[in-house]
Each structure stands twice: as C-alpha cells, then as structure tokens.
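**Student:** this one's structure only:
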C-alpha cells in the first residue's frame, strides 16, 4: 500500500521534493545536511556512524605534536605510513605486505576494482546494498549485476549468487556487517562465496567498515580466510574518525602487488599529517574501541526497546541485528517508503533513509550511533508519527 502524505506546512513540500529527488544515497545525505542547517529542529534517524570521539582525538594530537614532532610523522609517498600499517597488521591479523593504505574505503574499493576489471567485465554486487558500491564498479567500466540478500535476515542467497557467476565475473562485492541491515555474514558463508568465486578466478571484495562492531567475534580481517578475498575499510564508521581520511586494503601479497602495479601512483590524496595521527590512533586503539563500545552499550538497548514496541504495535517488521549501529526494518503496509520518508520530514521533522536508496522499497534504514537520550526521544517520536500515519491510511 502506498502512503499519501497529508497537507504540508508552507515551503516544506518544495524542499522535500528537492531532497527526495536525489539520485543517490550520498546526494540524499548531503541534501539532508543542508536542510538540517535550515531547520535545526529536524531529527536525523539515519546516521550509522559513531559520534566523533573528539576529546580522545584531541588528546592524541596534543601528545603527538604539542612538544615534539611524533616519529609517526613520516612520508607516505613510497609505501604509506609504516607505523599505521604495522598497527593494522597487529589489529587485523594480516602481514604488513598485505596492506595498502588509502584515503578511505571508497578509494580503496576503486583501486581494487581498477586492478581487477577490464571493459565490460562482470561484477556482482549485493542487493539491497549501499549504492556507492555499484557506482564505483561502473566507474571501473564493469557490467554490474546484483545478487540477493533476502529479508528478513539478509543472508547472502548463495543459490542466486551461484546462478549469476559467469566466465567474465571478476569480482563479487559485499559488505560485512551488511549495509543497510547490519546483518553479519559468517566466516563459513564467506568461504562458500570465495569458493564460488574461485571457480572462475574472481575475487571477493568485502567492505568491512562496520566489521569492528562485531569484535571480538570478528577479530581478524576476512582477507585472511582465503587468497581470493580482498577487504577494504576505514576509520570512519566504527571509530567515528571521518576527519582523518584514513582507509586501507587487505589482500594477498600477489593482489596487493597487482593493485600497486595498476596504480603505481597509489592513492594520491593520502595526507602525511592525517595518516600520522591515524597511526597514533591505531596504536592506542583501546581508547577508541572503548568509546564506541560504551556508546553502543547505551544506545542499543534503547533501539531494541523502541523497535520492539513498534513491532508489537504492527508498525514495523524485522529483527534487530546482533551487532552494530543500524537496522533495516520493513514498514508494515507501506510500499513507497520515499513518500513515507518525505511525509515524516514534512509533518514530523523526522529524517529516515528510505529503502529505495538501497534497492528495497518498503524498508527504512535507522541508525543509532549517537547519544542515547536523544535517540530515545527520536524513536518515540517516530513511533507516534508512524501510528498517526497508519490511522490515516485507507483500510
């Protein structure tokens, strides 16, 4: 059933039309940030990044640069910051020669695909999924096709994946934890995916930007599971350190060499200063792990309680994921979640991410990586808004 929004306050429909006509999720987020600046009362319920640990970051920077220049402040031109690479090696259980540092996970994915894909090669990407993955693959000249991750648990449909792999398949791209649902793919299933890919000489590329939320269950990079698995990640999501622009690739030594050979200039946007700070952060990662663990210890019970209440009232369906800072519930009785999200903002000052941006209408992505009291108020407001809207819908 589609949702018809009620009459709106003057001025809001035009702004909402601009927001919800965004062609990509990234564009939608940018427009959302502009609207929130214009409308400070707007409540955002889509953000899955942990709040920035600013006091801890400031302390690291003071320690590194207030009296003497940190020895971690080294050139990144030849092979990246060696201190950061050594810290990544210890944290994720891969060799230093299996790591290539970048400005972020997106640039890491682009470098990997550039090394793997020729014109019209075939790349398989999960659906629902983060739309940026497909855009990066298309920028690499790939022919993109999706494979299914089906609700409500969003496990990879291995049969669908096996049917779609062909002789021109060069890469299978997925996220773990899954974006947008937060679902965890087990090592056993990742090995099955790697075995399917190996039949045609393809690589499995796993975006692990949310994987640390599953620590200690996931204490190693999936790149260590099989030689044809490549992982990309960054400090942006779990650590909340988007300001550092620090990402990395983990892969076999052969694939790292292949990536470097295809892009000998590396990632030209890498900052010597930012990566020196990232090295300090990774060497003191316990402090930053404590930040997100403490935050989620407070926010996840709030999210679970509020989602259970909305499910009990017949407004939402779907499980709360075991790890992480997001969920992707189905909105009961609603097929057009773009229209729903538009109405929520126009009438209730709420911003939720409609499932259409992830390839699955009828769902909304909710994030809960910020302050628990504000989250509690926001989810209570969502509950009230969905209840009111459900009463407006024709029987």
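**Tutor:** Yes, it's here. Keep in mind the model is a prediction, meaning the values are calculated, not measured.

**Student:** would you map the helices across the stretch 101-250 of the chain?
**Tutor:** 105-116, 131-139, 158-164, 187-198 (DSSP state H, counting those that start in this stretch).

**Student:** so which residues make contact with the second one?
**Tutor:** Read that as helix 131-139. 24-26, 106, 109-110, 113, 117, 123, 125-126, 144, 146, 171, 173, 175, 207, 357-359 (CB atoms under 8 Å, 6 or more residues apart in numbering). (Each C-beta comes from the backbone N, C-alpha and C, glycine too.)

**Student:** looking at the helices of the stretch 101-250 of the chain, spot the one closest to residue 47.
**Tutor:** helix 131-139 (16.0 Å; CB to CB).

**Student:** the closest one vs helix 105-116, what angle?
**Tutor:** 30 degrees (axes from the mean of the first three to the mean of the last three CA atoms, to 10 degrees).

**Student:** for helix 131-139, buried residues please.
**Tutor:** For helix 131-139, the neighbour count (16 or more other CB atoms under 10 Å) marks 131, 132, 133, 134, 135, 136, 137 as buried.

**Student:** what about burial for the contacts of helix 131-139, which qualify?
**Tutor:** 25, 106, 109-110, 113, 117, 123, 125-126, 144, 146, 171, 173, 175, 207, 357-359.

**Student:** contacts for the helix or strand hosting residue 279 next, please.
**Tutor:** If you go by DSSP states H and E, residue 279 is part of helix 272-283. Helix 272-283 is contacted from outside by 57, 60-61, 63-64, 70, 72-76, 80-81, 83-84, 87-88, 91, 101, 235, 239, 241, 243-246, 288, using CB under 8 Å, 6+ apart.

**Student:** related to what we said a few turns ago, out of the buried residues of helix 131-139, which comes closest to residue 348?
**Tutor:** residue 131 (25.6 Å).

**Student:** from residue 208, how far off is that closest one?
**Tutor:** According to CB to CB, to the nearest Å, residue 131 and residue 208 sit 18 Å apart.

**Student:** any low-confidence regions in this structure?
**Tutor:** Applying pLDDT under 70 to the chain picks out residues 1-11, 394-395.

**Student:** centre-most residue in it?
**Tutor:** Taking CA atoms, centre = their mean as the criterion, residue 179 is the residue nearest the geometric centre of the chain, at 5.1 Å.

**Student:** quick one, phi/psi of that one?
**Tutor:** phi -110, psi 110 (degrees, to the nearest 10).

**Student:** so what's residue 326 bridging to?
**Tutor:** Here residue 326 sits in beta bridges with residue 367, as judged by DSSP bridges.

**Student:** ok, now residue 234?
**Tutor:** Here residue 234, judged by DSSP bridges, has bridge partners residue 247.

**Student:** so it touches residue 243, yeah?
**Tutor:** No - judged on CB atoms under 8 Å, residue 234 makes no contact with residue 243 at a distance of 11.6 Å.

**Student:** biggest helix in the chain by residues?
**Tutor:** helix 285-312 (DSSP state H).

**Student:** quick one: it to helix 272-283, angle?
**Tutor:** Inter-element angle recorded for helix 285-312 and helix 272-283: 80 degrees (by the same axes, to 10 degrees).

**Student:** chain center to helix 285-312: distance?
**Tutor:** Using CA atoms, centre = their mean, to the nearest Å, the mean C-alpha position of helix 285-312 is found 17 Å from that of the whole chain.

**Student:** got it, and stretch 242-249?
**Tutor:** 13 Å.

**Student:** likewise stretch 384-391?
**Tutor:** 29 Å.
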